[in-house]
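1. Based on what follows, work out the 3D shape:
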Amino acid sequence: MHRTPVNPWPWSLPLGYNQAEIVTGQTRQLICAGQTAVDATGAPQHPGDMRGQLALALDNLQTVVEAAGMSLANIVRLTVYATDVDTAMRNFDLLGLRFGPLGVAPPMTLLGVTRLALPTLLVELEATAAD
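-> Numbers count the residues shown, from 1 in each chain. Coordinates of the predicted model:
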């Protein structure tokens with residue numbers, strides 16, 4: 001798979017994402033359901049802690065893509081749903097810590113929502129991966 005960043009404006013780069021990417025040569029595409037801060041039994045974790053929930057949601061997303069024989073480096077699209085956009089943005093360094101060392105900056109959208117599937121959840125990550 002080859003990724004070509006498309007950034008007509010550079011302002012998104014310090015935020016850790018490309019405006020778009022041209023993806024060529026992929027053989028598989030993985031569409032991931034939203035991943036949240038739940039344990040292996042589906043029980044919500046880290047109530048009231050956006051940073052803890054974002055970290056666990058990233059762990060869960062990584063587990064899903066690895067179960068498909070991929071890694072976070074294969075993510076070509078990421079959507080973040082948050083019940084508090086300002087608090088989510090203050091914790092976006094976690095995304096940089098995960099994706100930065102991999103040398104990828106997947107196109108990303110952050111959406112504010114009134115709530116998620118379970119009332120104690122604060123953030124959900126939905127991704128598409130390809131290899």
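2. Next, the spatially closest residue to residue 71 that is not a sequence neighbour: secondary structure please.
-> Using Cβ to Cβ, 6 or more residues apart in numbering and skipping the chain neighbours, the partner closest in space to residue 71 is residue 65 (6.2 Å). Placement of C-beta: from N, CA and C, glycine included. Following DSSP: H, G, I helix; E, B strand; the rest coil, we place residue 65 in the helix state.
3. now residue 33
-> Here residue 33 is recorded as coil under three-state DSSP.
4. same check, this time on residue 98
-> Counting by three-state DSSP, the backbone at residue 98 sits in helix.
5. Then residue 80?
-> Residue 80 ends up strand, using three-state DSSP.
6. Got the phi and psi for the nearest residue to it once chain neighbours are set aside?
-> Closest residue to residue 80 apart from its sequence neighbours, by Cβ to Cβ, 6+ apart: residue 110 at 4.7 Å. Main-chain dihedrals, residue 110, degrees, to the nearest 10: phi -110, psi 120.
7. can you count the residues close to residue 12?
-> Residue 12 has 16 neighbours, counted by other Cβ atoms under 10 Å.
8. Test my guess that it contacts residue 21.
-> No: look at residue 12 against residue 21 with Cβ atoms under 8 Å: they stay out of range, at 11.8 Å.
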